[in-house]
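*Asks:* I would like the atomic coordinates for the input below:
(chains A and B)
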Amino acid sequence: MLLIHCPYCEQDLPELEFAYAGEAHIARPADPSKLTDEEWRDFLFIRTNPKGVHFERWRHVNGCARFFNAVRETVGDKFLATYRADEPRPDISSLTGDAK
Amino acid sequence: MTATTDPGVTVTELPPPTRITLRVADPTGQPLPTRIGAIEGCALCLGPDEWLLEGDAAADLVAGLPGPYSAVEVSDREITYLLEGPAVLDLLATGCPRDLASMPVGAGARTVYDTAQVVLVREANDRFRLTVWRSFAPHVRALFDIAMREIAAGL
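*Replies:* Residues are numbered from 1 along each chain as shown, chains lettered A, B, ... in the order given. Below is the predicted model:
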């Protein structure tokens, strides 16, 4: 079973307690009414879907119920880091260096 | 494997205590545990801003809070089972993915038992209290009965 580190519970807990919640760091446009239809479509639906390091949101729904962010390597399904929702995006090169 | 009729664990439904779910945005300086999973008095810390209060002292604790807070009485929302016996970890391992052997006595957690969300409190090495929403309770109880037969049969 995959263990995920919850940054609020500060424990490694089983994946079954968590729910995936889409890509992280998607900023809502400040003034949505000024956007063209294409820009609004991109905000709503277009995601990076990378092969490799992915920043994503998770929720510890069967636990502390908090949303947090995670850095996951999508090929090997390895979690490189998890951090609280209000923390800035960590530096990728330092994380992948640790992983290898 | 030796066949035996004693599963080594009992499941008892407890009468519902007063249960209050409490949300406080900033618990600093208030009589509430702040580490998730910790129990202080009648309060179990479920999340950074969420507590489950159980027992007769719950209403007094809420009345003494300086506020602001949100407190909702949910006594009838859930059913509590007392799981007791030397095989209690085997019983819970049939549906709960958490490593409960490493859970300290006197701690609690919200987790999952076969997709039903439950709140577990470890009262002693071989005694847990499991609180589950009442609509899920028959499902969880039926799984316990199957698991107890399996444990008794030495599976």
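*Asks:* Report all helices and strands that the longest strand seen in chain B contacts.
*Replies:* Using DSSP state E, we find that the single longest strand of chain B is strand B:116-124. Here strand B:116-124 touches strand B:43-47, strand B:108-113, strand B:127-133, helix B:137-152, going by 3 or more C-beta pairs under 8 Å, 6 or more residues apart in numbering or on different chains; DSSP states H and E. (Glycine included, C-beta is placed from N, CA and C.)
*Asks:* Quick check: buried residues in it?
*Replies:* Across strand B:116-124, burial judged by 16 or more other C-beta atoms under 10 Å in any protein chain shown covers B:Ala116, B:Gln117, B:Val118, B:Val119, B:Leu120, B:Val121, B:Arg122.
*Asks:* and if you look at stretch B:71-86?
*Replies:* B:Ala71, B:Glu78, B:Ile79, B:Thr80, B:Tyr81, B:Leu83, B:Glu84, B:Gly85.
*Asks:* Which residues does the helix or strand the fifth one falls within contact?
*Replies:* Counting by DSSP states H and E, the element that carries B:Tyr81 is strand B:78-84. Contacts with strand B:78-84, where a contact means C-beta atoms under 8 Å, 6 or more residues apart in numbering or on different chains, come from B:9-14, B:16-17, B:19, B:91-92, B:119, B:126-134, B:137, B:140-141, B:144.
*Asks:* before we move on, back to that, put together a markdown table for the helices and strands packed on strand B:116-124, with mean pLDDT on each row.
*Replies:* Formatted as a markdown table, these follow (pLDDT from 0 to 100):
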| stretch | mean pLDDT |
| --- | --- |
| strand B:43-47 | 94 |
| strand B:108-113 | 95 |
| strand B:127-133 | 95 |
| helix B:137-152 | 94 |
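*Asks:* Counting by contacts, list what the helix or strand of chain B with the lowest mean pLDDT packs against.
*Replies:* Lowest on mean pLDDT, DSSP states H and E among the helices and strands of chain B sits helix B:58-63, with a mean of 90. Secondary-structure packing of helix B:58-63 (3+ C-beta pairs under 8 Å, 6+ apart): strand B:19-23.
*Asks:* Compute the inter-axis angle for the strand it packs on and strand B:127-133.
*Replies:* 80 degrees (axes from the mean of the first three to the mean of the last three C-alpha atoms, to 10 degrees).
*Asks:* Can I get strand B:19-23 as CSV, trimmed to CA atoms?
*Replies:* In CSV, the C-alpha atoms belonging to strand B:19-23 read as follows (Å, rounded to 0.1, in the frame of the first residue of the first chain):
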residue,chain,number,x,y,z
ARG,B,19,-21.4,13.9,21.2
ILE,B,20,-20.6,17.4,20.0
THR,B,21,-18.6,18.3,16.9
LEU,B,22,-16.7,21.5,17.5
ARG,B,23,-14.9,23.7,15.0
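*Asks:* could you say which helix or strand contains the most centrally placed residue in chain A?
*Replies:* Central residue of chain A (C-alpha atoms, centre = their mean): A:Glu56, 1.6 Å from the mean position. Assessed by DSSP H and E, A:Glu56 sits inside strand A:53-59.
*Asks:* Show me which residues of that strand are buried.
*Replies:* Within strand A:53-59, the residues that count as buried by 16+ other C-beta under 10 Å are A:Val53, A:His54, A:Phe55, A:Glu56, A:Arg57, A:Trp58, A:Arg59.
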